[in-house]
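K.L.:
Okay, predicted coordinates and the sequence, questions at the end:
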Number of protein chains: 2
Amino acid sequence: MSTSPRPFNFSAGPATLPEEVLQQAAAEMLDWRGSGMGVMEMSHRGKEFTSIAEQAEADLRTLLAIPSHFKVLFMQGGAIAENAIIPMNLSRGGVVDHVITGSWSQKSAKEARKYCTAKLAASNEADHHTTLPAHGSWQLSDDATYVHVCSNETIHGVEMHALPDLAALGSTAPLVIDCSSHIASRPIDWSRVGLAYAGAQKNIGPSGLTLVIVREDLIGHALPDTPSAFDYQVVADNGSMYNTPPTYAWYIAGLVFQWALKQREVTPQGELTGLAAIEARNIAKAQLLYDYIDGSGYYTNKVAKDCRSRMNIPFFLPDDSLNAAFLASTQGAGLLQLKGHKSVGGMRASIYNAMPLAGVQALVDHMKQFAASHG
Amino acid sequence: MSTSPRPFNFSAGPATLPEEVLQQAAAEMLDWRGSGMGVMEMSHRGKEFTSIAEQAEADLRTLLAIPSHFKVLFMQGGAIAENAIIPMNLSRGGVVDHVITGSWSQKSAKEARKYCTAKLAASNEADHHTTLPAHGSWQLSDDATYVHVCSNETIHGVEMHALPDLAALGSTAPLVIDCSSHIASRPIDWSRVGLAYAGAQKNIGPSGLTLVIVREDLIGHALPDTPSAFDYQVVADNGSMYNTPPTYAWYIAGLVFQWALKQREVTPQGELTGLAAIEARNIAKAQLLYDYIDGSGYYTNKVAKDCRSRMNIPFFLPDDSLNAAFLASTQGAGLLQLKGHKSVGGMRASIYNAMPLAGVQALVDHMKQFAASHG
C-alpha cells in the first residue's frame, strides 16, 4: 500500500472515509479476526456477523446518544427510497407537512404525494434556497401525521443549526428529519425528533445502507401496500434481517462509528471526545473556509450566515469562465471532486467528518494562490 | 496477509468469494488505480465509478449472453424486496401465476398477494418440496400478466435444470424467475424469460445489490404507488442511478464477473471458458458430492434426482443426535457454515461458483472419516 499522503477528496457522496477505517477493512478483507472468512462472505445469521452488527448498533447509540425508545433500522435504498417508505409507514394516508429548503426536501415532498396529502408548510424557494424560513412563518396542519424537514441540504449548503421545536410551534406531530448529509457531525436533540433517516454515504460509510432511527410508538401503522422489506414493524421485529442486510456496508459503518468514538480534540474549553470532538473540528473547518471566502473579495458563498452548512459549502468564482481552470488546478494539487452540483453551479466543498482540518487548509491555500494568479 | 490456505466456506449466502477478487479489492481499498480515492469514496457520477459500472454491466452481458432487448438494473433490497417490486411493476393489479417449489417461491407468492391476484399454478408441497411439479400439470391462467418461478430453491435444494417453455404450455405470459442462488452458474435461455432477478450474495458479490434483468417491453407499467426508486422505468432511464446505487457492491460484482470470464476448464470435450467452464466445474462438484452421499449408506439427500440443485445440497446424518458432533468436527477441519436451514434441518453444503472442486473433495473426505468413526 502507498505510504504517500492521499489527496483530499471533497466529494458530496459517496465521500472520503477515514484512512484508518480503509486500512483496517483492507487488512481484514480475507480473514475477519481469525474466522477464516472475509466479512462479505459471512452468513448474516452467524455469530461472527451478529457480533459485528450488534457492536455497530451499540456504538451508534453511544455516539449519537440515541434514547432506548428509538429503534435503529439498517435498511436499503437510500434517502430517495425512504421518501416513499416514510409516508408508507407513517402517514396513514392522511395529511403531512413538508418544509422546503432545497432540492432534497423538494424531492421528498413530491414523492410523498403518492401516498398522502403532502402540504407545503414553508419554503425558501423565493430566496433560491439560500435562507431558512423563520419557524414562526410555518403553516402547520392540525391533522398532520408528521412534519418533514431536510436538516442539511447537500446541494444548496443550507443547514438547520437547531431543529425546530414543533411543540412550541403548536404542533403535536412528530418531526421527521432527512439528516443524510450531516448525521454524526453534531448532536441530535432527540426530544424534538420522531424519525431521523440518512443514507450512509456521507458521514457513515458506503452507499447502499440507510439508517432509520425511529421512535417506537410511530411504527406498526404501515399502509397495506407497503413492501414487507420496507415495513418498519417487520424490519424492527427481525433486527433488520427480514431481508439479507447490506452486511459489508454495515461492517464499514461499524468501523466508522468506532473511529468516531475515538476522536479527541483539544479546545480552549478542554479536551473533547467522540461526537463533541467531531463537532468542534467541523466548526473549525467550516469557519476556516467561510472566513476565507467572505474575506477573499474573490470567491462568494450565497447562503445566509445563520444557516450555512458545516458539511457542504458551495462557492463561486468571480466568473463562470474561470471554473474549468480552477478545477484543473485543484486536480493537479491533489484536491478532488470540487465541481458544484449542476443545479447550483460553481464549486462545492463537502467537508464531512473524515475530512481533516489540514484538507480544508490545503483547499484555502490553493484558493488563495488561484485568486492571486487569476485576479 | 496470511499465506496459509483459507478454510472452505459453505455458507448459503452471503457466501464465499473468489480469493483473487478479495485480494484485488484489498489492494485497491485506499486508491483505485491511481485515482487517489478508494471505490467507496467516489461519486457515483464521476468518470471513475462510471467506468467501473459500465464495465461491470458489459461483462455481465457477455458472461450471461444477455440479449440487447433486456435492461440490466442494479438495485437494492434483495430478492425479498423484489417480491413486492415485481408485482408493483409488472402485474398491473391483475392476475399472476405462481409455481411453488420451496420456501422462496412460497414467500414470493405471499408478498405478491398485496398487489394482485396471485394464483397457485402448481406446487410440490405434498412432496415436502423434494420434487418439481411436471410442466404438464401446471394450471396457467389465460389472463396472467406473468408466471413466477424460483429456478433454484436455496433452502430445499431443488433446481430447475431447464426453464419451462411457457409458449409450449399454451401461455403467452412472460416468465419471471428468481435465480438468486444459481445465477451465473449455468447459461440462461433468455428466449424463455421475461424477467430474471437475483440477490447478489451467492454467485455475484456482497449482499445489498440486486440484479434485475428485464425485457424492455415489460417495463413502464408500474402501479401508481410504486416508489420511484423501485420503478423499473425510472431506474432504467437513470442507468440505475436515480438513487445512489450500492457502489462498492457493484464494483465487487464487476470483479467477480471478470474472474468468471477468465475461468478455464479442461474437459473430455475440450477446453471450456467463462460460463461454460464454470458450469462444467459445477456439474463435477455436485456429482462428486451427490455420488458420495448416495453411495455412502450413511448420509442421505431427499431431493428427486432430476431436480437436485448443483448449488445447495442439503444432507442428513443417520440420526439428528449426530448433528452437533458433525458440525464440531467440520469446524475443526476448516469446513465452515455447514449447518442446515432450520426449516429443513440436517446439513447443507452450498457450493457456489467460488467453491473449488478441492473444497468439495475436502468435504467428502471429511464426511467419509466422520462416517467411519461414527458409523
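P.N.:
Looks like it arrived, so ask away.
K.L.:
mind listing what A:Ala173 touches?
P.N.:
Going by Cβ atoms under 8 Å, 6 or more residues apart in numbering or on different chains, A:Ala173 touches A:Asp97, A:Leu140, A:Ser141, A:Ala144, A:Thr145, A:Tyr146, A:Val147, A:Leu166, A:Gly194. Using the backbone N, CA and C atoms, a C-beta is placed for each residue, glycine as well.
K.L.:
Same question for A:Tyr290.
P.N.:
A:Asn301, A:Arg308, A:Ile313.
K.L.:
10 Å instead?
P.N.:
A:Asn301, A:Val303, A:Lys305, A:Arg308, A:Ser309, A:Arg310, A:Ile313, A:Phe315 (Cβ atoms under 10 Å, 6 or more residues apart in numbering or on different chains).
K.L.:
The fourth one - how many residues pack around it?
P.N.:
Okay, so that is A:Arg308. A:Arg308 has 22 neighbouring residues, counting by other Cβ atoms under 10 Å in any protein chain shown.
K.L.:
What of the second one?
P.N.:
A:Val303 is flanked by 24 other residues according to other Cβ under 10 Å.
K.L.:
What's the separation between it and chain B?
P.N.:
22 Å (Cβ to the nearest Cβ, to the nearest Å).
K.L.:
Check the fourth one too.
P.N.:
Distance, A:Arg308 to chain B, by Cβ to the nearest Cβ: 22 Å.
K.L.:
How much space separates that residue from A:Asn152?
P.N.:
Relative to A:Asn152, A:Arg308 is positioned 11 Å away (Cβ to Cβ, to the nearest Å).
K.L.:
Give the residues shared as contacts by those two.
P.N.:
Common neighbours of A:Arg308 and A:Asn152, using Cβ under 10 Å, 6+ apart, are A:Val158, A:Glu159, A:His161.
K.L.:
where along the stretch 201-350 of chain A do the strands fall?
P.N.:
Assigned strands in the stretch 201-350 of chain A, in chain order: A:210-215, A:264-267, A:270-273, A:312-315, A:335-336, A:347-350 (criterion: DSSP state E, counting those that start in this stretch).
K.L.:
I'd like those as CSV, with distance to B:Glu28 appended.
P.N.:
Shown next, in CSV, are those (distance: least, Cβ to Cβ, whole Å):
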stretch, distance to B:Glu28
strand A:210-215, 25
strand A:264-267, 31
strand A:270-273, 33
strand A:312-315, 27
strand A:335-336, 16
strand A:347-350, 23
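K.L.:
what's the closest of those strands to chain B?
P.N.:
strand A:335-336 (6.0 Å; Cβ to the nearest Cβ).
K.L.:
Centre of the chain to that closest one, how far?
P.N.:
Mean-position distance between strand A:335-336 and its chain equals 20 Å (Cα atoms, centre = their mean, to the nearest Å).
K.L.:
pLDDT on that strand, on average?
P.N.:
The average pLDDT for strand A:335-336 rounds to 98.
K.L.:
Can you name the residues in contact with that strand?
P.N.:
A:6-11, A:16, A:327, A:329-330, A:349, A:359, A:362-363, A:365-367, B:35-37, B:41-43, B:46, B:48.
K.L.:
Can you tell me the closest non-neighbouring residue to the closest residue to chain B within the stretch 1-150 of chain A?
P.N.:
In the stretch 1-150 of chain A, the residue that lies nearest chain B is A:Ala84 (3.3 Å; Cβ to the nearest Cβ). Using Cβ to Cβ, 6 or more residues apart in numbering or on different chains and skipping the chain neighbours, the partner closest in space to A:Ala84 is B:Pro227 (3.3 Å).
K.L.:
Verify the stated contact: the one you found with B:Met75.
P.N.:
No. At 11.3 Å, B:Pro227 and B:Met75 do not qualify as touching, with contact defined as Cβ atoms under 10 Å.
K.L.:
intersection of neighbour lists for those two?
P.N.:
A:Gly77, A:Ala81, B:Ile85, B:Asn243.
K.L.:
in the stretch 1-150 of chain A, which spans are helices?
P.N.:
A:19-27, A:47-64, A:78-90, A:103-112 (DSSP state H, counting those that start in this stretch).
K.L.:
Let me have the ones you listed in TSV, extended by mean neighbour count and mean pLDDT.
P.N.:
Formatted as TSV, these follow (neighbours: other Cβ atoms under 10 Å in any protein chain shown; pLDDT from 0 to 100):
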stretch	mean neighbour count	mean pLDDT
helix A:19-27	18	98
helix A:47-64	18	98
helix A:78-90	27	98
helix A:103-112	20	98
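K.L.:
Which of those sits closest to A:Ile204?
P.N.:
helix A:47-64 (8.6 Å; Cβ to Cβ).
K.L.:
what's that closest one packed up against?
P.N.:
strand A:70-75, strand A:210-215, helix A:247-262, helix A:274-296 (3 or more Cβ pairs under 10 Å, 6 or more residues apart in numbering or on different chains; DSSP states H and E).
K.L.:
quick one, it and helix A:274-296 angle?
P.N.:
Computed by axes from the mean of the first three to the mean of the last three Cα atoms, to 10 degrees, the angle separating helix A:47-64 from helix A:274-296 equals 60 degrees.
K.L.:
elements contacting the least confident helix or strand in chain A by mean pLDDT?
P.N.:
The helix or strand of chain A with the poorest confidence is strand A:264-267; it has a mean of 93 (mean pLDDT, DSSP states H and E). In terms of contacts (3+ Cβ pairs under 10 Å, 6+ apart), strand A:264-267 is packed against strand A:270-273, helix A:274-296.
K.L.:
Show me which parts of it are buried, residue by residue.
P.N.:
A:Glu265 (16 or more other Cβ atoms under 10 Å in any protein chain shown).
K.L.:
mind checking how far it is from the chain centre?
P.N.:
The answer for strand A:264-267 is 23 Å, by Cα atoms, centre = their mean.
K.L.:
what comes into contact with it?
P.N.:
A:271-274, A:276-284, A:357.
K.L.:
Partner strands of it and their direction?
P.N.:
strand A:270-273 (antiparallel) (DSSP bridges).
K.L.:
Spell out which parts of the stretch 151-300 of chain A neighbour chain B.
P.N.:
A:180, A:199-201, A:205-210, A:223-231, A:234, A:242-252 (Cβ under 10 Å from any Cβ of the partner chain).
K.L.:
Just the CA trace of stretch A:290-297, in PDB.
P.N.:
Output of stretch A:290-297 as PDB, limited to C-alpha atoms (Å, rounded to 0.1, in the frame of the first residue of the first chain):
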ATOM      1  CA  TYR A 290     -16.300  30.500   5.200                       C
ATOM      2  CA  ASP A 291     -14.000  33.200   6.700                       C
ATOM      3  CA  TYR A 292     -11.600  32.900   3.800                       C
ATOM      4  CA  ILE A 293     -14.400  33.000   1.200                       C
ATOM      5  CA  ASP A 294     -16.000  36.000   2.800                       C
ATOM      6  CA  GLY A 295     -12.800  38.000   3.200                       C
ATOM      7  CA  SER A 296     -11.300  37.000  -0.200                       C
ATOM      8  CA  GLY A 297     -13.000  39.600  -2.300                       C
END
